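# pasting the structure only:
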């Protein structure tokens, strides 16, 4: 049976030092009155790869958008030891790399190089450092030969890898990805999975791809109606057919 989500006080000892992500009793309502988060508490240890699953409308994207201050609810968020507040936002946004479901939301420059260089340039790095960071990020995602390509001429899988490179160039501690395998063909999905497996960053990944969850993430968090309803070893979550059925998830 999966572990019911613990109170923060019961999180294992190794997460009590400085977890990469610590969320306590987070609530959020949209302007139309939708109560999207209802007391979410979550701790993620440095280096963990965690899947976030649940039906549409569960609150997954809303939670992720809080982790670098794109949304602001009621509760406590600590990222890499820094409490999330106005004065720490620049530091936290440098530590949390957010990759959206649609890569066209992140790729807007004439060339791949320009897109990946945008972040480092924006925070004032010199040309030598920017070029080094772009080269490292593109190599990490297997796109070194695409630096001068126009992003809108590439496949969805290639765009997704470049989107990840745009955040890797910022040297983030944490990667937060929304539906990274959506729209990919089998080859693109395999390439993405291989990339995510070899990246050392702490990861929180929202997905409906339960085969990706099974193959890549040791831990799975299940959300429903704005709450975390289960949190435990992926193997245990996937064996609980009643839990999966209750929350609209399919066993891979």
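Great, that's in hand. Everything quoted here is computed from the prediction, not taken from an experiment.
# how many other residues sit next to residue 106?
Using other C-beta atoms under 10 Å, residue 106 is surrounded by 20 other residues. Every residue, glycine included, has its C-beta placed from N, CA and C.
# can you pull the pLDDT of the closest residue to residue 40 other than its chain neighbours?
Of all residues not flanking residue 40 in the chain, residue 26 sits nearest, at 4.4 Å (C-beta to C-beta, 6 or more residues apart in numbering). Listed pLDDT for residue 26 reads 97.
# Can you show me the helices along the stretch 1-150 of the chain?
In the stretch 1-150 of the chain, the segments counted as helices under DSSP state H, counting those that start in this stretch are 60-66, 89-95, 112-122, 127-140.
# what's near enough to touch residue 36?
Residue 36 is in contact with 28-30, 59, 62, 226, counting by C-beta atoms under 8 Å, 6 or more residues apart in numbering.
# Tell me which stretches of the stretch 151-252 of the chain form strands.
174-178, 202-206, 219-224, 227-233 (DSSP state E, counting those that start in this stretch).
# Looking at these, spot the one closest to residue 139.
Between residue 139 and those, the tightest spacing by C-beta to C-beta is seen for strand 174-178, at 16.7 Å.
# about what we covered before: I'd like the helices of the stretch 1-150 of the chain laid out as TSV, including distance to residue 173.
Putting the helices of the stretch 1-150 of the chain into TSV (distance: least, C-beta to C-beta, whole Å) gives the following:
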stretch	distance to residue 173
helix 60-66	15
helix 89-95	5
helix 112-122	15
helix 127-140	15
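# Residue 37: which of the strands of the stretch 151-252 of the chain is closest?
strand 227-233 (8.1 Å).
# That closest one packs against which elements?
When contacts are defined as 3 or more C-beta pairs under 8 Å, 6 or more residues apart in numbering; DSSP states H and E, strand 227-233 packs onto strand 35-44, strand 219-224.
# Check the offset of that strand from the chain's centre.
17 Å (C-alpha atoms, centre = their mean, to the nearest Å).
# Stretch 236-246 now?
Relative to the centre of its chain, stretch 236-246 is centred 23 Å away, using C-alpha atoms, centre = their mean.
# buried ones in it?
If you call a residue buried by 16 or more other C-beta atoms under 10 Å, then stretch 236-246 has these buried ones: 237-238, 240, 243-244.
# out of the helices and strands packed on strand 227-233, nearest to residue 149?
strand 35-44 (34.4 Å).
# can you give me the angle the closest one makes with strand 202-206?
For strand 35-44 against strand 202-206, the angle by axes from the mean of the first three to the mean of the last three C-alpha atoms, to 10 degrees is 150 degrees.
# Considering only helices and strands, which part of the chain has the lowest mean pLDDT?
Within the chain, no helix or strand scores below helix 186-198, which has a mean of 86 by mean pLDDT, DSSP states H and E.
# between that helix and strand 202-206, how many degrees?
Using the same axes, to 10 degrees: helix 186-198 against strand 202-206 is 150 degrees.
# hmm, who's touching helix 186-198?
Residues from elsewhere that reach helix 186-198, judged by C-beta under 8 Å, 6+ apart: 49, 140-142, 155-158, 160-161, 164, 177, 180-181, 184, 203, 205, 209, 212, 215-216.
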